[in-house]
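Engineer: task: produce atomic coordinates for the following.
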Amino acid sequence: MQLNIPNTLTWARIVLIPLFVGVFYLPETWLSMPEKNIWACVMFVAAAVTDWFDGYLARKLGQTSAFGAFLDPVADKLMVGAALVMLVELGRVDALIAFVIIGREITISALREWMAQVGASRSVAVSFIGKLKTTAQMIAIPVLLFNGNLFGFSVNPVGMLLIWVAAVLTLWSMGYYLKRAAVALSEAGKG
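Structural biologist: Numbers count the residues shown, from 1 in each chain. Prediction:
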């Protein structure tokens, strides 16, 4: 394992997960629920920013590595999964949405691993639909964690709309990746 700036940022994201979840288990005498919401939102946003930043730095500094390529998506999926589970626990997201998003992440991760083993990893490379899904998800989750008013308006309806959009895009992108994989495997079987 090579320890460099991008990998250190990825590890920092993983370390944030128990802190982010733990905030909600602190006694009310330490932090009120609105304060917990703000802290969780800030930590999630910080993790999202380091996700972008570690990729940028890896390319800019020439510090890309196989370990970093493995760890980065794992950190992302752990953070999103933890956030969704907490949002279900708090009654802010329906369990079905969390299941769809987390289930898709597990399915596509396994599919990518399998496709890499058969030499067809390019067929399941990140698509535009996947990027849209990630964008909707990464805006919806902190909005739902915040769970309050901003400039006198409740942000929750925006968060709920975006998490539903993310769930629909999740299913759409999963179908897209599965279809691409099936085509690649069919072509490989003919060769």
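
Engineer: okay, CA-based contacts and neighbour counts for the rest of this
Structural biologist: OK.

Engineer: tell me the buried residues in the strand or helix carrying residue 52?
Structural biologist: Here residue 52, judged by DSSP states H and E, is contained in helix 33-60. For helix 33-60, the buried set under the neighbour-count rule, 16 or more other Cα atoms under 10 Å, comprises 36-45, 47-48, 50-51, 54-55, 57-58.

Engineer: show the average pLDDT along the helix of greatest length in the chain.
Structural biologist: In the chain, with assignment by DSSP state H, the single longest helix is helix 156-190. Mean pLDDT, helix 156-190: 87.

Engineer: check stretch 129-148 too.
Structural biologist: Stretch 129-148 carries an average pLDDT of 92.

Engineer: buried set for that stretch?
Structural biologist: 129-130, 132-134, 136-147.

Engineer: cool, stretch 97-107 as well?
Structural biologist: 97-98, 101-105.

Engineer: any chance of those in CSV, plus secondary structure?
Structural biologist: Shown next, in CSV, are the buried residues of stretch 97-107 (DSSP: H, G, I helix; E, B strand; the rest coil):
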residue, secondary structure
97, helix
98, helix
101, helix
102, helix
103, helix
104, helix
105, helix
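
Engineer: quick check: residue 107 is in a strand.
Structural biologist: No. Using three-state DSSP, the secondary structure at residue 107 is helix, not a strand.

Engineer: I'd like to know which elements the longest helix of the chain is packed against.
Structural biologist: helix 95-117, helix 128-146 (3 or more Cα pairs under 8 Å, 6 or more residues apart in numbering; DSSP states H and E).

Engineer: would you turn those helices into CSV with distance to residue 83?
Structural biologist: Shown next, in CSV, are the helices and strands packed on helix 156-190 (distance: least, Cα to Cα, whole Å):
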stretch, distance to residue 83
helix 95-117, 9
helix 128-146, 7
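
Engineer: nearest to residue 182, of these?
Structural biologist: helix 95-117 (10.0 Å; Cα to Cα).

Engineer: for that closest one, name the packing helices and strands.
Structural biologist: helix 66-89, helix 156-190.

Engineer: possible to save those as a markdown table with mean neighbour count?
Structural biologist: Output for the helices and strands packed on helix 95-117, formatted as a markdown table (neighbours: other Cα atoms under 10 Å):
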| stretch | mean neighbour count |
| --- | --- |
| helix 66-89 | 17 |
| helix 156-190 | 17 |
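
Engineer: let's have those in a markdown table, adding distance to residue 4.
Structural biologist: Shown next, in a markdown table, are the helices and strands packed on helix 95-117 (distance: least, Cα to Cα, whole Å):
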| stretch | distance to residue 4 |
| --- | --- |
| helix 66-89 | 9 |
| helix 156-190 | 32 |
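
Engineer: to residue 6, which of those helices lies closest?
Structural biologist: Comparing these under Cα to Cα, the one sitting nearest is helix 66-89, at 7.6 Å.

Engineer: can you list contacts of that closest one?
Structural biologist: Contact with helix 66-89 is made by 1-2, 6-7, 10-11, 13-14, 17, 21, 44, 51, 93-95, 98, 102, 105, 141, 144-145, as judged by Cα atoms under 8 Å, 6 or more residues apart in numbering.
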